[in-house]
Every structure is written in C-alpha cells, then in structure tokens.
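Colleague: this one's sequence-less:
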C-alpha cells in the first residue's frame with residue numbers, strides 16, 4: 001500500500017529516477033566517494049573514456065563509495081561514474097506521508113490513519129481516493145510553491161500566493177465535501193473554502 005502512495009508522490013513531484021555522473025582524477029586510492037544521495041544504481045564506469053565491466057568494481061551503499069579493482073585504474077586516470085538516483089529516499093517520503101496524516105487529523109478528516117511498524121502499511125487501508133489525498137498533501141508539504149499538483153486521476157490548481165497550510169486545508173475541505181473524493185480538475189484559484 002505505501003509503495004503505491006510513494007509512487008504517486010514521486011509522480012506528482014517529478015521525483016522519479018534521474019541519471020547523472022561524477023568525475024574524478026584517480027590518486028593512489030582506488031575508492032571514490034559518490035556525493036549524490038539516494039543512488040539507485042551504478043549504470044557505468046569509465047576510466048579514461050573506456051567502460052569497465054561490473055565485475056571490475058563494487059559499490060558500497062552504506063558508505064556511498066565505488067571501489068575499482070586493482071589494475072583497472074592508475075594514478076592520474078580520469079574516472080567517470082554514471083548512476084541513477086532519486087531526489088527523495090523512501091524513508092524521506094514516508095516521513096512526508098506521516099506529516100500528511102497529521103494534517104488530515106488536524107483538519108478533522110473523519111478517518112484516523114496510522115503508519116504501521118516497519119513503514120510498509122497504513123491502517124486502516126486507505127481507499128484509492130484517500131491514497132490520492134495523502135499523496136497530494138505530502139506533495140504540497142514537499143513542494144509548497146507549486147501551483148499545480150497532478151495524479152493520474154486529479155489535477156489541483158492553487159494561486160501561487162496561497163501558503164502551504166491553506167492549500168492543505170482547502171484540499172481536505174474539498175475532499176470531505178465530495179462524496180466521490182477528488183477527481184478531475186479542481187481549481188482552487190477562486191475557491192472560498
């Protein structure tokens with residue numbers, strides 16, 4: 001369940017995987033620190049423009065370092081590490097989901113949701129429309145300056161000058177008034193919620 005909401009949030013905030021690279025000039029050390037957080041996968045490593053195979057290096061997720069096997073790199077070589085990463089880790093997004101649930105309680109949403117132990121489920125299990133609401137609220141918390149938030153079934157538009165709390169309050173109020181939840185285009189530009 002939580003994975004569906006994580007996916008929706010990534011879609012709304014355009015936080016899916018991105019590709020980039022970091023370059024280094026080798027020294028006597030064969031270990032290279034990757035500065036980017038949330039690396040999903042090392043896609044390629046080149047030494048002086050020539051790709052090396054996956055068996056020629058290892059990546060340690062805990063220390064975020066790449067170690068190239070002896071004989072594959074020498075002092076002065078140019079090493080380029082290509083990788084995919086996400087802007088926000090699952091752990092960070094789960095924290096935003098928890099904040100969204102707190103906002104729902106604060107603005108008197110009729111159902112109280114909690115994240116279970118292990119951060120893999122929400123109880124009670126939110127319906128599809130509530131997943132959209134939770135995703136939208138988390139996205140507003142993450143990127144409060146956006147004027148439009150989208151899922152596959154809903155678009156919500158706000159005036160740019162409206163603060164985060166008012167955006168969330170209006171969204172929850174609209175959701176509570178609607179029997180079907182939120183879907184289609186919801187224009188909060190002239191809304192008097």
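Modeller: Okay, I see it. Keep in mind the model is a prediction, meaning the values are calculated, not measured.
Colleague: count residues in the vicinity of residue 35, would you?
Modeller: Residue 35: 8 surrounding residues under other Cβ atoms under 10 Å. From N, CA and C alone the C-beta is placed, and that goes for glycine too.
Colleague: got a list of what the closest residue to it other than its chain neighbours touches?
Modeller: Closest residue to residue 35 apart from its sequence neighbours, by Cβ to Cβ, 6 or more residues apart in numbering: residue 22 at 6.3 Å. Residue 22 makes contact with 32, 34, 35, 36, 80, 81, 83, according to Cβ atoms under 8 Å, 6 or more residues apart in numbering.
Colleague: swap in residue 6?
Modeller: The neighbourhood of residue 6, defined by Cβ under 8 Å, 6+ apart, consists of 90, 93, 94, 97.
Colleague: so which of these wins on neighbours?
Modeller: Counting neighbours by other Cβ under 10 Å, residue 93 leads these with 25 neighbours.
Colleague: okay, and that residue sits in which element?
Modeller: helix 90-106 (DSSP states H and E).
Colleague: after that helix comes which helix or strand?
Modeller: Counting by DSSP H and E, the element after helix 90-106 in chain order, helix or strand, is strand 114-115.
Colleague: list the strands paired with that following strand, with their directions.
Modeller: strand 122-123 (antiparallel) (DSSP bridges).
Colleague: what's the spacing between the partner strand and its chain's center?
Modeller: 20 Å (Cα atoms, centre = their mean, to the nearest Å).
Colleague: ok, residues contacting it?
Modeller: For strand 122-123, contacts defined as Cβ under 8 Å, 6+ apart pick out 1, 2, 5, 97, 101, 113, 114, 115, 116, 134.
Colleague: now swap in stretch 54-63 and tell me
Modeller: Contacts of stretch 54-63 with the rest of the structure, by Cβ under 8 Å, 6+ apart, involve 33, 34, 39, 42, 45, 65, 66, 67, 68, 69, 72.
Colleague: for that stretch, which positions count as buried?
Modeller: Residues of stretch 54-63 classed as buried: 57, 59 (neighbour count, 16 or more other Cβ atoms under 10 Å).
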